[in-house]
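Colleague: what follows is a predicted protein model with its sequence.
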Number of protein chains: 2
Amino acid sequence: MPDNYAEVCRGAKYKFAGHGDRNFGVLLEAFRDADPEMAADYYGVGPAINDFEAQMAALLGKPAAVFMPSGVMAQQIALRIWCDEADIRQVAYHPTCHMEIHEEDAVKQLHRLEPVLLGDAERLFTLDDLKAVVGPTACLLIELPQREIGGQLPAWDDLVAITEYARNQGMRTHLDGARMFETLSYYGKTAAEVGELFDSVYVSFYKGFGSVAGAILAGDDGFVAQAKVWKRRHGGDLISLYPYVVAAKYHMAKHIDEMGRYWQYAQQAAGQFNEIPGVRTVPQVPVCNMFHVYFDAPKADVEDALAQVIAETGVSMAANIRAADTGCMAEISFGDSFGRIPEPVVVAAFEALRSQLK
Amino acid sequence: MPDNYAEVCRGAKYKFAGHGDRNFGVLLEAFRDADPEMAADYYGVGPAINDFEAQMAALLGKPAAVFMPSGVMAQQIALRIWCDEADIRQVAYHPTCHMEIHEEDAVKQLHRLEPVLLGDAERLFTLDDLKAVVGPTACLLIELPQREIGGQLPAWDDLVAITEYARNQGMRTHLDGARMFETLSYYGKTAAEVGELFDSVYVSFYKGFGSVAGAILAGDDGFVAQAKVWKRRHGGDLISLYPYVVAAKYHMAKHIDEMGRYWQYAQQAAGQFNEIPGVRTVPQVPVCNMFHVYFDAPKADVEDALAQVIAETGVSMAANIRAADTGCMAEISFGDSFGRIPEPVVVAAFEALRSQLK
């Protein structure tokens, strides 16, 4: 019965989600060994930014890349470039695409693009959903993993078939790869192998990589040259972006080889949630480091139960509980934090939850 | 006869312009005493950003303010809001307005606004230029100082008359105050007194304030609420902006009371430039910390002369020389660097320049 559930979660000793608190230390750790004499990047030019862009381009198997302040900016720009190229306003994406639900309709208000939604919000879209699209479409956007349905992924063969169909229809393919490095263990592919299916690729640095902010947008030379012009138009061509670039490079290096471990954490936790009556995860077996957990009980009751788990064990299992059609749900993305919880404490937390939800 | 004039300037012991090198030290100095446990701002919310926004709103005499990654973003947003409010696409500004010449036509490409240019590019616009505008106009943008003509300023009474006329015509008034704190000594006004003439005010943190990047946009509550929506649309609502916020707060505090001194440096240097035959400044007597200096000789000759000044005295007077209608020119903005040059070295530098240009 906490006054403020979010505050109780913040104060918990252990947390299921993330890498740790988002605080100034995330920046300071990245700059601990930085040379104060190192020249700042200057409007997108200089080794402080261009070396990292080259590193990311190589990693993603693309000729070029441009560092962007945000994914919101990166993805609007990608779609606008492909639409202008084709002189077609229509783009196709999933109903829960970030551009559709989290960006204040920027794709329409700023860029006058016309999205068509593929399939249903509650499931991955299929090749048949794409085939049902009416009218010429400049670009197909695919989000891997599909975050708003618990981080689901299409089977690799389906992904290949969908992107091949799109390209054969003359569509450009864009990857919303905010969390794409989190999917590589499941697919058993390199980032470049995934990137090969797409004309343009966006990756975020503050999801699994745990950095401060920032994103990369990669593609061929002509695409990236245009993206730099649009970055300027959006107000993203800051005189210096090195605070985000240095942090991104540092935290990517720190986490990039740990994504398989974070996926294991998600599988372990999902298995234990699913053993509790009235609780289930989507997907049932996670395919990356995240899932959604659904509770049959109402939000207030679940918050009370989870607060009691914190009181008894020190473990915050899920901080942000949202009402759902029946009961409530939460999204959990796993990182270093879960690994810091002693195994018996994890067990005790699930036992406490089971007992609370009885 | 340097291979690369810019490189020779960078290596100079003393520099006329700026506060010092733009390097990682600018960020690190601002964070020297920062608490690593301080919580990051989260999508525009949290004391790490909101306290500074409140401080800036108070300083500018406005009810509210929002921190923006860039002035490019801040100003497009301001004009778009005023245009949507009036349901009019036309805005009025000087022909050398930043939006007109430095932003890849974003105001048209992203926002479909229709700028009308006031007066001639080579001089300040007047009340008569504004009165000559045909058709309804949503917003008048005034840049103080007018950077591209050497940082000139209208007389205070003219500024009052222009903004009063605009408001009486139903126009909103927006201040491009990228360098507005640099003008307060000349006007003998507070920032709030200048701000009172405008419905919205933008200020940059990396000009006279010498920070890493970032800007503030201030206005009434309704305006700022809308600006936050547009900030999201532009991709500027980063999950965390604290690297720029902390740096802006630190460097503003460091420089805000020194603007009168920087103006004196500009006056002193301009006076000495104007004593050399074939050299003149615009304006002749600076009204803030900047001016443009014009040379009758061609760019290559002037670069050779200035490189020789560096070789003889260690002083870089102007790094970025641009060809002009006759001869060439450079913009110089004064800060702490000029004050670090011993007076006899300044004298020696001007003597060397005079001798080189003979």
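Modeller: That came in fine, so what should we check first? Numbers count the residues shown, from 1 in each chain, chains lettered A, B, ... in the order given.
Colleague: surely A:Trp82 and A:Ala138 touch.
Modeller: Yes: the pair A:Trp82 / A:Ala138 is scored as a contact, 4.9 Å apart, by CB atoms under 8 Å. All C-beta atoms are positioned from the backbone trio N, CA, C, and that covers glycine.
Colleague: I'd like the next helix or strand past whichever strand or helix holds A:Ile332.
Modeller: For A:Ile332, the host element (DSSP states H and E) is strand A:328-333. Heading C-terminal from strand A:328-333, the first helix or strand you meet, by DSSP H and E, is helix A:336-339.
Colleague: flag every buried residue along that following helix.
Modeller: Buried residues in helix A:336-339, counting neighbours by 16 or more other CB atoms under 10 Å in any protein chain shown, are found at A:Asp336, A:Ser337, A:Phe338.
Colleague: now render those as TSV, adding pLDDT.
Modeller: Listed next are these as TSV, based on pLDDT from 0 to 100:
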residue	pLDDT
A:Asp336	98
A:Ser337	98
A:Phe338	98
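Colleague: can I get those in TSV including distance to chain B?
Modeller: As requested, the buried residues of helix A:336-339 are exported to TSV (distance: CB to the nearest CB, whole Å):
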residue	distance to chain B
A:Asp336	16
A:Ser337	16
A:Phe338	21
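Colleague: ok, those residues vs A:Leu153, which is closest?
Modeller: Nearest to A:Leu153 among the buried residues of helix A:336-339, counting by CB to CB, is A:Phe338 at 20.5 Å.
Colleague: low-confidence stretches in chain A?
Modeller: Residues of chain A that meet the criterion pLDDT under 70 lie in A:1-3.
Colleague: so what are the domain limits for it?
Modeller: Structural domains annotated on chain A: A:5-21+A:258-356, A:41-239, as defined by automatic domain parsing.
Colleague: and those, which is most packed in?
Modeller: Highest mean neighbour count among these (mean count of other CB atoms under 10 Å in any protein chain shown): domain A:41-239, with a mean of 21.
Colleague: near chain B, anything from it?
Modeller: Yes: Domain A:41-239 lies within reach of chain B by CB under 8 Å from any CB of the partner chain, at A:42, A:48, A:68-74, A:76, A:103-106, A:109-111, A:206, A:212-214, A:229-230, A:232-239.
Colleague: so which of the residues you listed are in strands?
Modeller: Per DSSP state E, strands hold the following members of these: A:Met68.
Colleague: who touches A:Cys328 in this structure?
Modeller: A:Tyr294, A:Phe295, A:Ala297, A:Pro298, A:Lys299, A:Val302, A:Ile321, A:Arg322 (CB atoms under 8 Å, 6 or more residues apart in numbering or on different chains).
Colleague: tell me the bridge partners for the last one.
Modeller: A:Arg322 has the following beta-bridge partners by DSSP bridges: A:Met329.
Colleague: which residues touch it?
Modeller: Counting by CB under 8 Å, 6+ apart, the residues that A:Arg322 touches are A:Lys299, A:Cys328, A:Met329, A:Ala330.
Colleague: skip the chain neighbours and tell me the closest residue to the first one.
Modeller: The reference is to A:Lys299. If the residues on either side of it in the chain are set aside, A:Lys299 comes closest to A:Cys328, at 4.0 Å by CB to CB, 6 or more residues apart in numbering or on different chains.
Colleague: distance check, the one you found against B:Gly327.
Modeller: From A:Cys328 across to B:Gly327, the span is 72 Å (CB to CB, to the nearest Å).
Colleague: which ones are touching whatever residue of the stretch 51-200 of chain A ends up closest to chain B?
Modeller: Here the stretch 51-200 of chain A gets closest to chain B at one residue, A:Met73, 2.6 Å apart by CB to the nearest CB. With contact set as CB under 8 Å, 6+ apart, A:Met73 has these partners: A:Ala215, A:Lys231, A:His234, A:Gly236, B:His234, B:Gly235, B:Gly236.
Colleague: how about 7 Å then?
Modeller: Going by CB atoms under 7 Å, 6 or more residues apart in numbering or on different chains, A:Met73 touches A:Lys231, A:His234, A:Gly236, B:His234, B:Gly235.
Colleague: with A:Ala30 instead?
Modeller: Remark: with contacts taken as CB under 7 Å, 6+ apart, A:Ala30 is in contact with A:Val246, A:Ala247, A:Tyr250, A:His251.
Colleague: rewinding a little: shared neighbours of A:Trp82 and A:Ala138, anything?
Modeller: A:Arg172.
Colleague: so where do the strands sit in the stretch 201-350 of chain A?
Modeller: Taking DSSP state E, counting those that start in this stretch, the strands of the stretch 201-350 of chain A run over residues A:215-219, A:279-282, A:290-295, A:315-316, A:321-323, A:328-333.
Colleague: turn those strands into TSV, columns for distance to A:Trp156.
Modeller: As requested, those are arranged in TSV below (distance: least, CB to CB, whole Å):
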stretch	distance to A:Trp156
strand A:215-219	21
strand A:279-282	21
strand A:290-295	19
strand A:315-316	35
strand A:321-323	31
strand A:328-333	22
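Colleague: separation between the closest residue to A:Gln75 other than its chain neighbours and chain B?
Modeller: Take A:Gln75 and drop its neighbours on the chain: the residue closest to it by CB to CB, 6+ apart is A:Tyr202, 5.5 Å away. Per CB to the nearest CB, to the nearest Å, A:Tyr202 is found 11 Å from chain B.
Colleague: A:Ser240 now?
Modeller: Taken as CB to the nearest CB, the span from A:Ser240 to chain B is 5 Å.
Colleague: need the phi and psi values for the closest residue to that residue other than its chain neighbours.
Modeller: Using CB to CB, 6+ apart and skipping the chain neighbours, the partner closest in space to A:Ser240 is A:Ala40 (4.3 Å). Per-residue torsions, A:Ala40: phi -70, psi 150 (degrees, to the nearest 10).
Colleague: ok, A:Ala40 - how many residues close by?
Modeller: 22 (other CB atoms under 10 Å in any protein chain shown).
Colleague: quick one, what contacts it?
Modeller: A:Gly46, A:Ala48, A:Ser240, A:Tyr242, B:Arg22, B:Asn23, B:Phe24.
Colleague: of those residues, closest to B:Leu306?
Modeller: B:Arg22 (20.3 Å).
Colleague: how close does whichever residue of the stretch 151-300 of chain A sits closest to chain B sit to B:His94?
Modeller: Proximity to chain B, evaluated over the stretch 151-300 of chain A using CB to the nearest CB, is greatest for A:Gly235 at 2.6 Å. Note on A:Gly235: its distance to B:His94, by CB to CB, is 20 Å.
Colleague: A:Trp82 now?
Modeller: For A:Trp82, the distance to B:His94 - CB to CB - is 36 Å.
Colleague: that older thread, neighbour-wise, which of the contacts of A:Ala30 leads?
Modeller: Ranking the contacts of A:Ala30 using other CB under 10 Å puts A:Ala247 first, with 26 neighbours.
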